[in-house]
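Participant: Here is a sequence with its predicted model. Questions after.
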Amino acid sequence: MNWCIEIAGTNEIDARFRAMTGYPGLRHFKNGVSFVSQWTGREHKEMQRIFVGLLVGAVQPDVLRTAVAVVDFIYYAQLQVQTTKTVAALERAYKTFHENKDIFVRVGVREHFNIPKLHQMQHYVDAIKLHGSADGYNSESPERLHIDYAKDAYRASNKRDFVKQMTVWLRRQDAVARFQSYLDWASQRDLNGLPDANDQDHNTTDDLNDHEDAPEEDLEEYTNTSPSEMPKYTLSLKPGLPSVPLAGITSTFEAPNFLPLLTTFLRNSCPLNTRNLILPNATDRFDLYKAVRLRLPNLPAVGQVNATERVRCTPAVTGAAGKPPVNAHFDTVLVRREDELDNEATRGTVLQGAFFISSVLAHAN
């Protein structure tokens, strides 16, 4: 990262970080990154997610290819499930990096690449083939334990001959933790009123017999905890903008077609009961929600389980009583539908079959 910043210029990179629009799930470095003297692991991960996009147009093509190769290598190496294709992609990223890295020498940023971390990259492929995915070699856990087993122990000493004092302190802390665990177990046992061992064995046998006699439908319902049964979207319990008139929706949210589109939606949702359907009109007021969370499909290979994506639709708020104003947030939404496969705007792209929600796109543009 520092090599790319030195080539592009600190002011240019900071300006690009500040100019980035907010997006759910991406961190906005509103002050740039040049002032950061020490990165945490989480901050560095959040930065590298957007760093390649910010380099476009600011550095030479060879520099950009090298940066893309490094980021690809990092993401492929972090996969929790490795296949022949992902390992091959990891090798290609490593090869691309070495084919283009000389650009840093030509521009005067580096004199050599005798760096242990760069040398270690060549062993990833063999290590993954021999021992499986490298997701278990994460240093975040020992970094966190450094606080419990080193910093706190050192603060408990008098800073003189601290190694011996730290050892005694840690041994006592471990003894206290184990005794506390026993007390918690004993108190919970008393609260639950656990029976004797003989009664417990007898009850366990009865429970097993009852379980064997249970119908198959009940057993399936009891064990069926598939993630697909989770709701596809979630809303807050109360609307963030209650009782908004139609004029406010068409002007503040720039949704002039809100009423006819809502009417069409209600008619399509209840095609068999159109006579008794109560349709909205221009005098009605509507409860609006500022955000909705959509559940994303599970991707165990990258550790994404029960992940959600937040879609915001909030108007600007003027500052009052000394509070700063809040900018509007209208996220662009793409929805894939079977009847939109012939969309000319997305034909032949990864977005084929998707269309824009126009009311949200108007604000995004």
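Facilitator: Received the coordinates, thanks.
Participant: Quick one: the helices in the stretch 51-200 of the chain, in order.
Facilitator: Taking DSSP state H, counting those that start in this stretch as the criterion, the stretch 51-200 of the chain contains helices spanning 61-77, 84-100, 103-106, 116-120, 124-131, 140-146, 152-156, 162-192, 197-213.
Participant: I'd like to know which elements the first one is packed against.
Facilitator: In terms of contact count using 3 or more C-beta pairs under 8 Å, 6 or more residues apart in numbering; DSSP states H and E, helix 61-77 is assigned the packing partners helix 2-8, helix 41-55, helix 84-100, helix 103-106, helix 124-131. In this view, the C-beta of every residue, glycine as well, is placed from N, C-alpha and C.
Participant: CSV for those helices, including distance to residue 69, mean pLDDT and mean neighbour count?
Facilitator: Formatted as CSV, the helices and strands packed on helix 61-77 follow (distance: least, C-beta to C-beta, whole Å; pLDDT from 0 to 100; neighbours: other C-beta atoms under 10 Å):
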stretch, distance to residue 69, mean pLDDT, mean neighbour count
helix 2-8, 13, 88, 17
helix 41-55, 10, 86, 15
helix 84-100, 4, 93, 16
helix 103-106, 12, 90, 15
helix 124-131, 13, 90, 13
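Participant: Give me the residue ranges of the stretch 151-300 of the chain where confidence is low.
Facilitator: 192-231, 274 (pLDDT under 70).
Participant: Recalculate using a threshold of 50.
Facilitator: 196-228 (pLDDT under 50).
Participant: Now do stretch 295-313: distance from first to last residue.
Facilitator: Stretch 295-313 has an end-to-end distance of 17 Å (criterion: C-alpha to C-alpha, to the nearest Å).
Participant: let's have the chain start at 618 instead
Facilitator: Yes, from this point I'll number from 618; that puts the last item at stretch 912-930.
Participant: how far is that stretch from where the chain is centred?
Facilitator: Averaging C-alpha positions (C-alpha atoms, centre = their mean, to the nearest Å) puts stretch 912-930 7 Å from its chain's average.
Participant: Tell me which of the helices of the stretch 668-817 of the chain is the most buried.
Facilitator: By mean neighbour count, with neighbours taken as mean count of other C-beta atoms under 10 Å, helix 678-694 ranks first of those at a mean of 18.
Participant: between that one and helix 741-748, how many degrees?
Facilitator: Per axes from the mean of the first three to the mean of the last three C-alpha atoms, to 10 degrees, the angle that helix 678-694 makes with helix 741-748 is 10 degrees.
Participant: still on that earlier bit, distance to residue 767 added to the helices and strands packed on helix 678-694, as TSV?
Facilitator: Formatted as TSV, the helices and strands packed on helix 678-694 follow (distance: least, C-beta to C-beta, whole Å):
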stretch	distance to residue 767
helix 619-625	28
helix 658-672	17
helix 701-717	34
helix 720-723	36
helix 741-748	28
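Participant: Among the ones you listed, which comes closest to residue 861?
Facilitator: helix 658-672 (34.0 Å; C-beta to C-beta).
Participant: Which residue, other than its chain neighbours, is closest to the residue nearest to the spatial centre of the chain?
Facilitator: Among the residues of the chain, the one closest to the centroid is residue 642, at 5.7 Å (C-alpha atoms, centre = their mean). Leaving aside its chain neighbours, residue 642 sits nearest to residue 926 (6.8 Å; criterion: C-beta to C-beta, 6 or more residues apart in numbering).
Participant: Pretty sure that neighbour sits in a helix.
Facilitator: No. Using DSSP: H, G, I helix; E, B strand; the rest coil, the assignment for residue 926 is strand, not a helix.
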